[in-house]
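Let's see this in three dimensions:
(one chain, ligands or ions: 1)
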Amino acid sequence: MIIKEFISETNKNQMIATLLSHYGVQSVKVKMKSMKDHAHYNVDTGTLELSTRYKTIKSNQVKEFLITIIHEIDHARDAKRYGWRKFKDMYEYEMNYQIANGKDEYKDNKYEIEAEEFGQKNYRKWYRKFKKQDLF
Ligand SMILES: [Zn+2]
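Okay, here's the model as predicted:
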């Protein structure tokens, strides 16, 4: 039995492309970037910025990877739904609202909570599907 420890670039990109297309945000560009966080959706440029730590992923990172991508897709969908300028305002308003209430601008941010729940709720079916397709 061959254990595929590292996932090929092609398979990784196929998973990302499948997810973007399924959630109707196929116009989102993906870029690797050195950053503190795992990923970031840049509303100004419509770019999903992925940490360079995901340059190559191992099979035991797939779960976390999928949650991260689906989380960012939720932000991309919001940007598409409201228009990116409006969503940016809504997001900043929410940050200021949380700060004004002595809370954390990210951890207590409703858009972050929503995106994380979306990722946690949806990653399993993709995990199973991609596994079945032998992508990892
Ligand atoms: Zn987020």
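
Tell me, how many residues neighbour R124?
By other CB atoms under 10 Å, the residues close to R124 number 12. (Each C-beta comes from the backbone N, C-alpha and C, glycine too.)

so where's this structure uncertain?
Counting by pLDDT under 70, the chain shows low-confidence ranges at 1-4.

all strands for the chain, in order.
29-33, 39-42, 47-51 (DSSP state E).

Going by contacts, tell me the helices and strands next to the last one.
Strand 47-51 makes packing contacts with strand 29-33, strand 39-42, helix 62-82 when contacts are defined by 3 or more CB pairs under 8 Å, 6 or more residues apart in numbering; DSSP states H and E.

do you know which of those lies nearest N101?
Counting by CB to CB, N101 lies closest to helix 62-82 out of the helices and strands packed on strand 47-51; the figure is 21.6 Å.

other SSEs contacting that closest one?
Checked by 3+ CB pairs under 8 Å, 6+ apart, helix 62-82 has helix 9-22, strand 39-42, strand 47-51, helix 84-100, helix 110-132 packed alongside it.

now it and helix 110-132, what's the angle there?
130 degrees (axes from the mean of the first three to the mean of the last three CA atoms, to 10 degrees).

list the buried ones in helix 62-82?
Applying a neighbour-count criterion of 16 or more other CB atoms under 10 Å, the buried positions in helix 62-82 are 62, 65-80.

contacting residues around T18?
By CB atoms under 8 Å, 6 or more residues apart in numbering, the contact set of T18 is W126, F130.

So that it lines up with my notes, have the first residue be 115 from now on.
All set: I'll call the first residue 115, so the last point we hit is now T132.

circling back: intersect the buried residues of helix 176-196 with the contacts of the ion.
When CB under 5 Å from the ion is taken as the criterion, no member of these contacts the ion.

So which residues on this protein come close to the ion?
Counting by CB under 5 Å from the ion, the chain sits next to the ion at E226, A229.

circling back: dump the helices and strands packed on strand 161-165 into CSV; add distance to S165 as well.
Listed next are the helices and strands packed on strand 161-165 as CSV, based on distance: least, CB to CB, whole Å:
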stretch, distance to S165
strand 143-147, 7
strand 153-156, 6
helix 176-196, 9
